[in-house]
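**Student:** Coordinates for the following, if possible.
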Amino acid sequence: MRKQRDFDAELKALQDKARDLKNRKVQQLGELVIATGADSLRVDELAGALIVLTETKDAGKREAWARRGAAFFQSRARRTAPAAERHTGGARAQPGGAKPSTGSKGAA
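**Tutor:** The predicted structure is shown next:
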């Protein structure tokens, strides 16, 4: 006989995992704002800039932003990592274990 599944417990576990992922994303975005110095902007200025970035469809601009963002993270990795741990390859180092962008979202 098959063991019955506890759907309520599974749903709660999934909801907890989703909440944890959202909290981690919010924390990483806050860390990014601070790391780039954007926390010195007023909230309305930062929101306006982000809106413009998300509305931009120009692939050339988005690629330039992606390159600049990658260079920012690589320079931070070089400044903070010991020589033996520095990334010398093409991989993008990002704080908090964030995955590299594929270029689908614009970055300042």
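**Student:** so where's the longest helix in this structure?
**Tutor:** helix 7-36 (DSSP state H).
**Student:** what pLDDT, on average, does that one get?
**Tutor:** For helix 7-36, mean pLDDT rounds to 97.
**Student:** Residue 5: helix or strand, and which one exactly?
**Tutor:** Using DSSP states H and E, residue 5 sits in no helix or strand.
**Student:** what about it, neighbour count?
**Tutor:** 8 (other CB atoms under 10 Å). Heads up, the C-betas are built off the backbone N, CA and C, glycines and all.
**Student:** Distance-wise, check it relative to residue 17.
**Tutor:** Going from residue 5 to residue 17 by CB to CB, to the nearest Å gives 17 Å.
**Student:** One more: residue 43?
**Tutor:** Taken as CB to CB, the span from residue 43 to residue 17 is 30 Å.
**Student:** from the middle of its chain, how far away would the longest helix of the chain be?
**Tutor:** 12 Å (CA atoms, centre = their mean, to the nearest Å).
**Student:** next SSE after it?
**Tutor:** Past helix 7-36, the next helix or strand by DSSP H and E is helix 43-55.
**Student:** what angle sits between that next one and helix 7-36?
**Tutor:** Helix 43-55 and helix 7-36 are oriented at 110 degrees to each other (axes from the mean of the first three to the mean of the last three CA atoms, to 10 degrees).
**Student:** what mean pLDDT does helix 43-55 have?
**Tutor:** 96.
**Student:** For it, buried residues please.
**Tutor:** Within helix 43-55, no residue is scored as buried using 16 or more other CB atoms under 10 Å.
**Student:** cool, and stretch 63-72?
**Tutor:** For stretch 63-72, using 16+ other CB under 10 Å, the buried residues are 65, 66, 69, 70, 72.
**Student:** now swap in stretch 20-32 and tell me
**Tutor:** Within stretch 20-32, judged by 16+ other CB under 10 Å, the buried ones are residue 32.
**Student:** May I have it as PDB, with CA atoms only?
**Tutor:** What follows is stretch 20-32, C-alpha atoms only, in PDB (Å, rounded to 0.1, in the frame of the first residue of the first chain):
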ATOM      1  CA  ASP A  20      13.100  32.500   2.200                       C
ATOM      2  CA  LEU A  21      14.100  33.000  -1.500                       C
ATOM      3  CA  LYS A  22      12.200  36.300  -1.700                       C
ATOM      4  CA  ASN A  23      13.900  37.500   1.500                       C
ATOM      5  CA  ARG A  24      17.300  36.600   0.200                       C
ATOM      6  CA  LYS A  25      16.600  38.400  -3.100                       C
ATOM      7  CA  VAL A  26      15.500  41.500  -1.200                       C
ATOM      8  CA  GLN A  27      18.600  41.400   0.900                       C
ATOM      9  CA  GLN A  28      20.900  40.900  -2.100                       C
ATOM     10  CA  LEU A  29      19.200  43.800  -3.900                       C
ATOM     11  CA  GLY A  30      19.700  46.000  -0.900                       C
ATOM     12  CA  GLU A  31      23.400  45.000  -0.700                       C
ATOM     13  CA  LEU A  32      23.700  45.800  -4.400                       C
END
